[in-house]
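> Provide a 3D model corresponding to the input given below.
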Amino acid sequence: MEKEKGLVLVYTGNGKGKTTAALGLALRAIGHGQRVFMLQFMKSDPHTGEAQAINQYLPHFKIVQAGKNKMLPDDSLIEDDPDVVRKGFSLGKKALLSGEYDLVIFDEINIVLARGRLTVEEVLRMLDERPEHVNVVLTGRHAPEEIIDFADLVSEIKEIKHPFRRGIRARKGVEF
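From the prediction side, this is the model:
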C-alpha cells in the first residue's frame, strides 16, 4: 500500500493548547499503528504528564526534551542555551529525515525561530528534504509568515481567559 503525502501542520497563537493539540494528533496517529517522534524545545522536565505517559505506555512514541529552559506564561524564558537548541534540532532533524517515523513534532520551534536560535531557511530546507510520507507538526507562539505560508494547516490558538492571570499556578494534568 502506498503511503499518502505528509502534511505540515502549525499550531500557533498566544493561547494554551498548542502542545496538547500536537499530542492529540500523536495519539490519533499511534491509534492507526503509526510511529511518532516529538522533540520538545525549551522543556526539560521528564516528570511532565505527557513525558511520563509516553515513556510508560506508548512504545511507538519517542519523546526527547531539548532544553534546560523554563518558559513562563508571559512568553519569557529563564535561561536560553543555543548549544542545547542546536543539539535538539539535530536530533529532531535526524529523526525526521530517517523516515522511521510517520509523525514528527517540533514542540515550541516557533519560539526558537522567533528568538533567532534557528533560521526559517534551515527549517524550511529540512521540511523540503523530509521523506514524502512524514507528517510534521510545528508548535509555539509567533510562527513566522514563511512557515505559515509553507504549511498545509495552520491553527491559531487564542487566549480568551487563563487561570494564571488570576494567580492560579500551573497544575499537574492540566498545564504539565
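
> Pull up the per-residue confidence for the closest residue to Glu159 other than its chain neighbours.
Counting by C-beta to C-beta, 6 or more residues apart in numbering, Glu159 lies nearest to Gly15, which is 4.0 Å off, once chain neighbours are set aside. Bear in mind the C-beta positions are built from the backbone N, C-alpha and C, glycine included. Looking at Gly15, its pLDDT is 95.

> Report the contact partners of Gly15.
Taking C-beta atoms under 8 Å, 6 or more residues apart in numbering, we find Gly15 in contact with Ile157, Lys158, Glu159, Ile160, His162.

> now with 10 Å?
Counting by C-beta atoms under 10 Å, 6 or more residues apart in numbering, Gly15 makes contact with Arg141, Glu156, Ile157, Lys158, Glu159, Ile160, Lys161, His162.

> Identify the farthest-apart pair in the residues you listed.
Spanning the widest gap among those are Arg141 and Lys161, at 17.2 Å by C-beta to C-beta.

> who's more crowded, the two?
Set Arg141 next to Lys161 and count neighbours by other C-beta atoms under 10 Å: Arg141 wins out with 18 against 9.

> Quick one: neighbours of the nearest residue to Ala26 once chain neighbours are set aside, just the number.
Among residues not flanking Ala26 along the chain, Val36 sits closest, at 4.6 Å (C-beta to C-beta, 6+ apart). For Val36, the neighbour count with other C-beta under 10 Å is 26.

> Pairing partners for Val36 in the sheet, please.
Beta-bridge partners for Val36, by DSSP bridges, are Phe61, Leu103.
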